[in-house]
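1. No sequence on hand, only this structure:
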């Protein structure tokens with residue numbers, strides 16, 4: 001996006017025009033704003049790529065968790081007792 005004055009005239013008229021042209025007063029601001037917009041657009045694209053990557057990773061983790069749940073299905077209570085004993089050696093068979 002480029003905003004500029006569409007002045008058409010002679011070189012002699014240009015100097016007078018520049019003093020009165022509303023675009024001349026804001027061209028620095030417009031230029032900076034265009035630069036910032038370009039940077040923000042690039043950052044937004046990077047964030048979109050990061051989000052896509054993280055969604056893919058989340059899908060993989062979810063699949064792994066589902067597979068682990070299926071693996072330990074039905075053995076959950078025994079597994080929990082085993083884990084508790086490994087962290088608490090004084091735990092007896094009465095642990096729930």
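-> Structure received. Everything numeric here is computed off the predicted structure, so don't read it as measured data.

2. Residue 34: neighbour count?
-> 13 (other Cβ atoms under 10 Å). From N, CA and C alone the C-beta is placed, and that goes for glycine too.

3. That one: which element?
-> helix 22-72 (DSSP states H and E).

4. And the pLDDT for residue 33?
-> Confidence at residue 33, expressed as pLDDT, is 95.

5. which residues does it contact?
-> Residues near residue 33 by Cβ atoms under 8 Å, 6 or more residues apart in numbering: none.

6. Distance of it relative to residue 25?
-> Distance from residue 33 to residue 25, counting by Cβ to Cβ, to the nearest Å: 14 Å.

7. which residues does residue 58 contact?
-> Residue 58 neighbours (Cβ under 8 Å, 6+ apart): none.

8. Can you give me the pLDDT of it?
-> pLDDT for residue 58: 94.

9. which stretch of helix or strand covers residue 7?
-> Applying DSSP H and E, one finds residue 7 in no helix or strand.

10. Can you say which helix or strand has the residue nearest to it when sequence neighbours are not counted in it?
-> Nearest residue to residue 7, sequence neighbours excluded (Cβ to Cβ, 6 or more residues apart in numbering): residue 17, at 5.3 Å. Taking DSSP H and E as the definition, residue 17 sits inside helix 11-20.

11. now that helix against helix 22-72, angle please.
-> 60 degrees (axes from the mean of the first three to the mean of the last three Cα atoms, to 10 degrees).

12. for helix 11-20, what is the average pLDDT?
-> The model assigns helix 11-20 a mean pLDDT of 87.

13. again, but for stretch 81-91
-> Here stretch 81-91 scores 67 as its mean pLDDT.

14. which ones are touching the residue lying farthest from the centre of the chain?
-> Ranked by distance from the centre of the chain (Cα atoms, centre = their mean), the top residue is residue 12, with 51.9 Å. Contacts for residue 12 were tallied using Cβ under 8 Å, 6+ apart; there are none.
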